[in-house]
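In: Fold the following.
(one chain, ligands or ions: 1)
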Amino acid sequence: MSIVVTGASGQLGGLTVEALLARGVPASQIVATSRDIARIKDFADRGVVVRRADFAEPDTLAAAFEGADKLLLVSTTTVDERVANHRRAVDAAVAAGVSLVAYTSMSHAATATTVLAATHRATEEYLRERAVPAVMLRNSWYLENYTAQLPLILAGGAVAGAAGRGRISAATRADYAEAAAVVLTTDGHAGEVYELGGDEAFTLADLAAAISAATGKRITYTDLPAGELARVLAGAGLPAELAHVLVDADLGMARGELFTDSGDLRRLIGRPTTPPADAIADALR
Ligand SMILES: NC(=O)c1ccc[n+]([C@@H]2O[C@H](COP(=O)([O-])OP(=O)(O)OC[C@H]3O[C@@H](n4cnc5c(N)ncnc54)[C@H](OP(=O)(O)O)[C@@H]3O)[C@@H](O)[C@H]2O)c1
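Out: Residues are numbered from 1 along each chain as shown. You can find the predicted model right below:
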């Protein structure tokens with residue numbers, strides 16, 4: 001019996017495989033999947049079982065999930081195809097007879113009003129409809145969404161957004177991955193809904209201040225009307241559709257939809273979450 005991690009070529013899935021190995025799960029009991037197994041050769045070299053799985057090609061999924069006890073379903077990238085892809089993955093997990101699906105959802109997926117939340121809500125509902133034992137890992141934003149932008153922020157002297165004074169419980173991918181590994185290796189999680197987020201919620205103005213403190217440069221927060229932010233993002237080369245999704249997410253942040261004070265993440269990982277200042281300092285190294 002094995003633990004299957006989908007999206008293992010990606011950042012969150014890859015970190016989860018690493019966290020499982022760090023927790024002592026034998027490599028031979030971990031199955032890492034990708035649409036292109038060449039992308040996860042490093043795991044194969046370390047004894048992890050690698051298999052091809054493309055949620056858009058259901059024929060690939062029976063073999064990929066064969067023998068699975070628990071499955072981490074990492075939400076996929078293309079927003080408009082996401083729900084159909086996830087439904088096929090859930091169907092395959094049911095057919096494989098898994099004892100648990102852990103799904104990487106999004107904060108307050110049942111009630112949040114963003115385009116992204118709608119895709120996660122539909123997936124959560126389908127997991128319930130198929131009556132498969134499941135646990136929802138409702139991740140807030142990644143801190144890396146901001147730290148990856150540091151060169152641009154420093155060049156422009158500003159964080160730009162449309163999140164107003166909304167507080168964001170962002171956490172590092174590594175912390176979310178560790179929580180996923182805990183859920184996959186310990187009992188009692190079926191039926192749970194975890195609202196996962198960092199201990200230190202912040203506004204984008206707080207983020208700008210933290211970047212100022214870390215760099216000694218004056219960085220301000222510029223809160224833009226939605227249409228203006230969409231134009232800025234499109235001007236930076238983002239496809240219009242992605243720009244729309246990101247602006248929509250910022251508006252959700254303004255309504256508090258990426259804030260949580262549940263403490264679920266720190267409880268699962270058994271320590272405080274990585275502070276934003278540490279993530280910023282790491283990214284500047
Ligand atoms: N919380 C946040 O702030 C935040 C931000 C961005 C995204 N997300 C969500 O969290 C997920 C994981 O984040 P990440 O940073 O690890 O993303 P990532 O590095 O882009 O990885 C995405 C993974 O999705 C897999 N994937 C895409 N299409 C697939 C398909 N049709 N069938 C099977 N797998 C597919 C990719 O695998 P292959 O290409 O190798 O098949 C890849 O491993 C994202 O996909 C997205 O749903 C969350």
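In: How about the one helix or strand residue 151 maps to, which residues are buried there?
Out: When elements are assigned from DSSP states H and E, residue 151 belongs to helix 150-156. Residues of helix 150-156 classed as buried by neighbour count (16 or more other Cβ atoms under 10 Å): 150, 153. For every residue, glycine as well, the C-beta is placed using N, CA and C.
In: Report the backbone C-alpha coordinates of it in CSV.
Out: Provided in CSV are the C-alpha atoms of helix 150-156 (Å, rounded to 0.1, in the frame of the first residue of the first chain):
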residue,chain,number,x,y,z
LEU,A,150,10.8,40.8,-4.7
PRO,A,151,13.0,41.9,-7.6
LEU,A,152,10.1,43.6,-9.2
ILE,A,153,8.9,45.2,-6.0
LEU,A,154,12.3,46.5,-5.2
ALA,A,155,12.8,47.9,-8.7
GLY,A,156,9.4,49.7,-8.5
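In: what pLDDT, on average, does that helix get?
Out: Helix 150-156 shows a mean pLDDT of 96.
In: which residues touch that helix?
Out: The contact list for helix 150-156 (Cβ atoms under 8 Å, 6 or more residues apart in numbering) reads 146, 159, 208, 211, 215, 217, 219, 236, 280, 283, 284.
In: One more pass at 7 Å, please.
Out: Residues outside helix 150-156 that contact it (Cβ atoms under 7 Å, 6 or more residues apart in numbering): 159, 211, 215, 217, 219, 283, 284.
In: try stretch 248-267
Out: Contacts for stretch 248-267 (Cβ under 7 Å, 6+ apart): 107-108, 112-117, 140-141, 161-164, 166-169, 171, 175, 179, 194-199, 201, 226, 229, 272-273.
In: Can you measure across that stretch, start residue to end residue?
Out: Criterion Cα to Cα, to the nearest Å; first-to-last residue distance in stretch 248-267 is 30 Å.
In: Next: stretch 121-139.
Out: End-to-end distance of stretch 121-139 (Cα to Cα): 13 Å.
In: contacting residues for whichever residue of the chain sits closest to the ligand?
Out: Using Cβ to the nearest ligand atom, the closest approach of the chain to the ligand is made by residue 10 at 2.1 Å. By Cβ under 7 Å, 6+ apart, residue 10 lies in contact with residue 74.
In: now the helices for the stretch 101-250 of the chain?
Out: Applying DSSP state H, counting those that start in this stretch to the stretch 101-250 of the chain gives helices spanning 115-129, 144-147, 150-156, 173-185, 204-215, 226-235, 240-254.
In: Can you lay out those as a markdown table showing distance to the ligand?
Out: Formatted as a markdown table, those follow (distance: least, Cβ to the nearest ligand atom, whole Å):
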| stretch | distance to the ligand |
| --- | --- |
| helix 115-129 | 8 |
| helix 144-147 | 5 |
| helix 150-156 | 16 |
| helix 173-185 | 6 |
| helix 204-215 | 14 |
| helix 226-235 | 15 |
| helix 240-254 | 8 |
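In: Check these for me and report the most buried one.
Out: Ranked by mean neighbour count, those are led by helix 173-185 with a mean of 24 (mean count of other Cβ atoms under 10 Å).
In: and that helix, what's its mean pLDDT?
Out: Averaged across helix 173-185, pLDDT comes to 98.
In: ok, and what's touching it?
Out: Applying Cβ under 7 Å, 6+ apart, the external contacts of helix 173-185 come out as 3, 11-12, 15-16, 19-20, 23, 25, 70, 72, 102, 135, 137, 139, 142, 144, 189, 196, 265, 268-269, 273-274.
In: roughly how far is it from the heart of the chain?
Out: Distance of helix 173-185 from its chain centroid, counting by Cα atoms, centre = their mean, to the nearest Å, is 11 Å.
In: swap in stretch 248-264?
Out: Per Cα atoms, centre = their mean, the centroid offset for stretch 248-264 relative to its chain is 14 Å.
In: how long is that stretch end to end?
Out: So stretch 248-264: terminal residues 26 Å apart, Cα to Cα.
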